[in-house]
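> Prediction below, plus the sequence it came from.
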Amino acid sequence: MDFNFVSILIVAAVVIFLFWLFNSIYVIKEWERGVVLRLGRMLPEAKGAGLQLVLYPIDKLTRMSLRVETLDVPPQDVITRDNVSVKVNAVCYFRVVDANLALSQVQNYLYATSQLAQTNLRSVVGQFELDEILSEREKVNSKLQLILDQDTEPWGIKVTKVEVKQVDIPESMQRAIAKQAEAERERRAKIIHADGEFEASTKLAEAAAVLEKEPASIQLRYLQTLTEIGVEKNTTVIFPLPIDIISQWMSATEAKK
């Protein structure tokens, strides 16, 4: 009878020990950290990757992921510095760098970071003009990332990147921007055309100076023109007549009269 009682105690002790061991052993993944609360007090160092033993039931372990989280910031109604109403959405990349702070300093760091990103998106974009938002997107992204990183640092969060994805502007403003772009293209076309005319006139002036120094070159140019006309199988041949010859004929005719 005593032997049976001792056997039952041993079996019960083994079962209790196995149950305790099962609840005390944790396998922490490489990208995780285990925050341990011992009788309500947080241990200063989080458990690293691998097989970890905690003292059940006085210890409670919470897993915290250290991988980069992607946060989609929903569209926000923003009034820019030049009083244009736009809708702006963004994406935010961040990760937990201190698991203890992320668990102890904020109740839900994902929700808190999301709300912080929305409010900062409205305030930061409102400090820029519409042209700056459209053309200097990197400047807006850098300022957003800096502000969010500073605000989430006490929570053990590191904001690595913030990108403004899309800027929706009113249809009337889209038409105005299209007209502005069209006018800009016309201005560039006129400038390019004027530059071409200026370069052409400069080259013509240089060519006229050369021909003036060498009168025989005019005759060579005349023959070259005839050769170019003769290449084409035309039924009509046009002989270019120099203006100097016509002026000499006119002078001779007036002298005879």
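Alright, I've got the coordinates. Residues are numbered from 1 along each chain as shown.
> Model confidence at Q105, what's the number?
Per-residue pLDDT puts Q105 at 90.
> That one: how many residues sit nearby?
As a burial measure, Q105 scores 15 neighbours (other Cβ atoms under 10 Å). No exception for glycine: its C-beta is placed from N, CA and C like everyone else's.
> Tell me the spacing between the closest residue to it other than its chain neighbours and V106.
For Q105, ignoring the flanking residues on the chain, the nearest one in space by Cβ to Cβ, 6 or more residues apart in numbering is W155 at 5.0 Å. As for W155, its distance to V106 is 5 Å (criterion: Cβ to Cβ, to the nearest Å).
> Just the helices from the stretch 1-150 of the chain, written as ranges.
Under the criterion DSSP state H, counting those that start in this stretch, the stretch 1-150 of the chain carries helices at the ranges 2-24, 99-104, 109-125, 130-135, 137-152.
> To T160, which of those lies closest?
Put simply, out of the helices of the stretch 1-150 of the chain the one that sits nearest T160 is helix 137-152, at 7.8 Å, with distance taken as Cβ to Cβ.
> Please enumerate the strands of the stretch 51-200 of the chain.
For the stretch 51-200 of the chain, applying DSSP state E, counting those that start in this stretch gives strands covering 59-65, 69-79, 85-96, 157-168.
> just to revisit the earlier point, put together CSV for the helices of the stretch 1-150 of the chain, with mean neighbour count and distance to A46 on each row.
Conversion of those to CSV gives the following (neighbours: other Cβ atoms under 10 Å; distance: least, Cβ to Cβ, whole Å):
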stretch, mean neighbour count, distance to A46
helix 2-24, 10, 17
helix 99-104, 20, 4
helix 109-125, 18, 15
helix 130-135, 16, 40
helix 137-152, 17, 18
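> and L220, which of those helices is closest to it?
Of all the helices of the stretch 1-150 of the chain, it is helix 130-135 that lies closest to L220, at 54.7 Å by Cβ to Cβ.
> chain center to that closest one, what's the gap?
Taking Cα atoms, centre = their mean, to the nearest Å, one finds helix 130-135 lying 13 Å from the centre of the chain it belongs to.
> And that helix, what does it pack against?
Using 3 or more Cβ pairs under 8 Å, 6 or more residues apart in numbering; DSSP states H and E as the contact test, the elements touching helix 130-135 are strand 85-96, helix 137-152, strand 157-168.
> Need those in JSON lines (columns: mean pLDDT).
Shown next, in JSON lines, are the helices and strands packed on helix 130-135 (pLDDT from 0 to 100):
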{"stretch": "strand 85-96", "mean pLDDT": "91"}
{"stretch": "helix 137-152", "mean pLDDT": "91"}
{"stretch": "strand 157-168", "mean pLDDT": "90"}
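> how about the ones you listed in TSV, adding distance to V124?
Converted to TSV, the helices and strands packed on helix 130-135 look like this (distance: least, Cβ to Cβ, whole Å):
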stretch	distance to V124
strand 85-96	10
helix 137-152	5
strand 157-168	9
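> which one of those lies closest to K203?
Comparing these against K203 with Cβ to Cβ, the closest turns out to be helix 137-152 (43.0 Å).
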